[in-house]
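> All I have is the shape, not the residue letters:
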């Protein structure tokens, strides 16, 4: 699925999502990634949502998001409810969705200049 690229933006925008990975700008990503408007962590070692905790999300949390979008692959899968509570206690909202939906939502929020980070799990 190709997304429309805003040629005037300098933010990291997701321009493509498919079974072979995603593209952030012109950079092809084939493994799990953390992205914000200004930062790209292309070597996030998480491969599935099971066991997802604050420690595994530490690189995303270091970017100080108000909204954390978690893309869980080709289908939506919810982490333990304790994770929602731990993030809420830090003032961070967690939105969980499949990775394609997470990419679309991330782009909208970045274009609205919201403090968002996407943690995208790719197989």
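Cool, got the structure. Since we're looking at a predicted model, the values are computed, not measured. Residues are numbered from 1 along each chain as shown.

> When you work out contacts or count neighbours from here on, use the C-alpha atoms and nothing else.
Fine.

> Show me what residue 40 is bridged to.
Applying DSSP bridges to residue 40 gives these bridge partners: residue 35.

> what residues are up against it?
With contact taken as C-alpha atoms under 8 Å, 6 or more residues apart in numbering, residue 40 is in contact with 12, 33-34.

> Using CSV, lay out the residues you listed together with pLDDT and distance to residue 101.
Output for those, formatted as CSV (pLDDT from 0 to 100; distance: C-alpha to C-alpha, whole Å):
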residue, pLDDT, distance to residue 101
12, 96, 17
33, 97, 15
34, 98, 15
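
> and which of those residues is nearest residue 62?
Nearest to residue 62 among those is residue 34, at 10.9 Å by C-alpha to C-alpha.

> which residues does the closest one contact?
The contact partners of residue 34, by C-alpha under 8 Å, 6+ apart, come to 40-42, 44, 59-60, 117-120.

> Now that we have those residues, which of them are buried?
Among the contacts of residue 34, those that count as buried by neighbour count (16 or more other C-alpha atoms under 10 Å) are 40, 44, 60, 117-120.

> taking the residues you listed as a set, which two sit the farthest apart in space?
Of all pairs drawn from the buried ones among the contacts of residue 34, the one with the largest separation by C-alpha to C-alpha is 44 and 117; the distance is 13.2 Å.

> can you pull out the strands in the protein?
Assigned by DSSP state E, the chain shows strands spanning 14-18, 21-24, 27-29, 33-36, 40-41, 67-71, 93-97, 116-120.

> So for the first one, mean pLDDT?
Read that as strand 14-18. Taken as a whole, strand 14-18 carries a mean pLDDT of 94.

> for it, packing partners?
Helices and strands touching strand 14-18, as assessed by 3 or more C-alpha pairs under 8 Å, 6 or more residues apart in numbering; DSSP states H and E, comprise strand 21-24, helix 99-111.

> Over to the second one?
Secondary-structure packing of strand 21-24 (3+ C-alpha pairs under 8 Å, 6+ apart): strand 14-18, strand 27-29.
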